[in-house]
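sequence plus predicted model, see below.
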Amino acid sequence: MLTLSGGIFPGERFYNTKDGCLRIQGSSMDRTILTRCAGGFDPAPVPGEEKLGTFRSYTLGIIGKKVVLSDLTVENTSTNGQAVALLSAAEEVEVTRVHLVSHQDTLFLAPLPEKEREQNGFRGPLESGRRYPTHQVFRDCVIEGDVDFIFGGADALFEHCRIISVRPGFVCAPCTPKGHPGFRFVDCRFEAKKNCPAGSVYLARPWRDGAAAVFEHCTFGEHIHPKYFTGWRCERPDPKTRFEVRS
């Protein structure tokens with residue numbers, strides 16, 4: 001177990017747990033804070049590339065067999081493009097009482113899509129690895145962001161979480177592999193900061209065809225658009241998209 005006392009811990013952290021289970025335990029959401037300021041449009045760390053990119057901007061990256069996180073905050077304070085707080089790519093992940101804070105792309109849930117849409121778009125620790133399924137559970141967490149701030153191809157369950165939009169945008173952008181259930185939100189509250197007008201936030205849009213997300217027994221603030229869902233770059237989602245709100 002990695003125990004973090006109260007305090008602010010700057011810089012990026014990456015853990016690869018090839019065998020067994022890694023547990024990262026903080027003191028509380030308010031007292032243990034992992035922080036970094038790194039945006040996707042920051043300069044690239046190697047010559048010949050234009051920008052840092054989404055998947056090198058993370059504050060905390062986890063990969064491997066199983067990771068358990070609890071009682072801490074992970075934040076990325078950059079507003080210079082995509083800014084991942086948690087890059088979550090272990091095969092099994094359990095997250096409890098964790099506060100994730102950023103703007104665009106706060107929480108990435110592996111796997112990546114099979115193909116990138118722009119050259120070097122997946123540059124980072126996952127670009128050359130196989131696309132294995134991951135199963136992830138988030139309970140009693142707080143997740144903040146604006147554009148596509150929960151995204152990726154995981155089978156992920158969110159229970160009793162607060163999902164806070166800090167500006168107009170989109171909550172989820174799944175890229176669900178064929179035959180997988182995708183994202184599931186149960187008894188979650190979708191809230192907004194004051195600068196989110198009514199109807200200015202969609203619950204989800206598909207990062208790839210066949211994206212899946214279901215919202216069960218959730219409560220939605222006025223900032224959520226009455227149509228709930230939209231397409232990636234158009235008003236209507238692709239017919240293969242599996243988005244649903246259940247009361």
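Looks like it came in fine.

just give me the residue right at the centre of this structure.
Note on the chain: the residue nearest the mean C-alpha position is Leu107, at 1.7 Å, using C-alpha atoms, centre = their mean.

who does the helix or strand bottoming out on mean pLDDT in the chain pair up with?
When each helix and strand of the chain is scored by mean pLDDT, DSSP states H and E, strand 13-25 comes last, with a mean of 92. Strand pairing for strand 13-25, determined by DSSP bridges: strand 2-3 (parallel), strand 60-76 (parallel).

next, the angle strand 60-76 makes with the next helix or strand after the longest one.
Translated: strand 60-76. Next along the chain after strand 60-76, taking DSSP states H and E as the criterion, comes strand 86-101. On the basis of axes from the mean of the first three to the mean of the last three C-alpha atoms, to 10 degrees, strand 86-101 is oriented at 20 degrees to strand 60-76.

and strand 86-101, which residues are buried?
Counting neighbours by 16 or more other C-beta atoms under 10 Å, one finds that the buried residues in strand 86-101 are 86-91, 93-95, 97-101. Bear in mind the C-beta positions are built from the backbone N, C-alpha and C, glycine included.

farthest pair within these?
For the buried residues of strand 86-101, the farthest-apart pair by C-beta to C-beta is Glu91 and Val101; their separation is 25.5 Å.

can you pull out the helices in the chain?
Along the chain, counting by DSSP state H, no stretch forms helices.

residues making contact with the least confident helix or strand of the chain?
1-4, 34, 58-72, 90, 125 (C-beta atoms under 8 Å, 6 or more residues apart in numbering).

residues touching Cys161, list them.
Phe138, Arg139, Asp140, Cys141, Val142, Ile143, Phe185, Cys188, Arg189.

so where is this structure shaky, pLDDT-wise?
Residues of the chain meeting the criterion pLDDT under 70: none.

please redo it, this time with the cut-off set to 80
Applying pLDDT under 80 to the chain flags residues 234-239.

need the contacts of Cys161 in a markdown table with distance to Glu159 and neighbour count, can you?
Shown next, in a markdown table, are the contacts of Cys161 (distance: C-beta to C-beta, whole Å; neighbours: other C-beta atoms under 10 Å):
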| residue | distance to Glu159 | neighbour count |
| --- | --- | --- |
| Phe138 | 7 | 28 |
| Arg139 | 5 | 16 |
| Asp140 | 8 | 14 |
| Cys141 | 9 | 23 |
| Val142 | 13 | 18 |
| Ile143 | 13 | 25 |
| Phe185 | 8 | 27 |
| Cys188 | 7 | 22 |
| Arg189 | 12 | 15 |
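
so which of those are in strands?
When those are checked against strands (DSSP state E), the matches are Phe138, Arg139, Val142, Ile143, Phe185, Arg189.

which residues touch the nearest residue to Pro177 once chain neighbours are set aside?
Leaving aside its sequence neighbours, Pro177 sits nearest to Gly153 (C-beta to C-beta, 6 or more residues apart in numbering; 5.5 Å). By C-beta under 8 Å, 6+ apart, the residues touching Gly153 are 109-113, 131, 134, 174-177, 180, 208.
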